[in-house]
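[1] Build me a model:
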Amino acid sequence: MDYWGDHIAMLIGIITFICGAISYYGAAVKKQYASERDFQHLKRSYDGLSSNITTLDKMIDARLDRSDLNQVEIRAMLLSILSRLGKHNDQG
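    Have a look, this model is predicted:
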């Protein structure tokens, strides 16, 4: 009776070990998939942020260019007004 009992116990042990190994492998594959998915999500987020920063940088450059042009126009107007006032005062 001990002979069959030992073999059955060994068989149950081997089956349990195989099931545990399969379960461990499945968990490792899921963990690797989840890590890869998280990495890809972070990469997409980084790419989106990078794109947004580039767009904002272009918008700021355009605003600064317009601001510079406005400043030049205002300066030209002021110089023109001062020039006219100077001529007006010279004539008077």
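[2] any weak-confidence spans in this protein?
    By pLDDT under 70, the low-scoring segments of the chain are 1, 88-92.
[3] can you map out the helices along it?
    2-91 (DSSP state H).
[4] Work out which residue lies at the spatial centre of it.
    Residue closest to the average C-alpha location in the chain (C-alpha atoms, centre = their mean): Tyr46, at 1.6 Å.
[5] Against Ile8, how distant is it?
    According to C-beta to C-beta, to the nearest Å, Tyr46 stands 57 Å off from Ile8. Quick note: C-beta positions are derived from backbone N, CA and C, even for glycine.
[6] In PDB, could you pull the C-alpha coordinates for stretch 28-48?
    The C-alpha coordinates for stretch 28-48 follow below in PDB (Å, rounded to 0.1, in the frame of the first residue of the first chain):
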ATOM      1  CA  ALA A  28       5.000  36.800 -15.800                       C
ATOM      2  CA  VAL A  29       3.700  37.300 -19.400                       C
ATOM      3  CA  LYS A  30       0.800  39.400 -18.000                       C
ATOM      4  CA  LYS A  31       3.200  41.500 -16.000                       C
ATOM      5  CA  GLN A  32       5.500  42.000 -19.100                       C
ATOM      6  CA  TYR A  33       2.500  43.000 -21.200                       C
ATOM      7  CA  ALA A  34       1.300  45.500 -18.600                       C
ATOM      8  CA  SER A  35       4.700  47.000 -18.300                       C
ATOM      9  CA  GLU A  36       5.000  47.400 -22.100                       C
ATOM     10  CA  ARG A  37       1.500  48.900 -22.200                       C
ATOM     11  CA  ASP A  38       2.300  51.400 -19.400                       C
ATOM     12  CA  PHE A  39       5.600  52.300 -21.200                       C
ATOM     13  CA  GLN A  40       3.800  52.900 -24.500                       C
ATOM     14  CA  HIS A  41       1.200  55.000 -22.700                       C
ATOM     15  CA  LEU A  42       3.900  57.200 -21.100                       C
ATOM     16  CA  LYS A  43       5.600  57.500 -24.400                       C
ATOM     17  CA  ARG A  44       2.400  58.700 -26.100                       C
ATOM     18  CA  SER A  45       1.800  61.200 -23.300                       C
ATOM     19  CA  TYR A  46       5.400  62.500 -23.700                       C
ATOM     20  CA  ASP A  47       5.000  62.800 -27.400                       C
ATOM     21  CA  GLY A  48       1.700  64.700 -26.900                       C
END
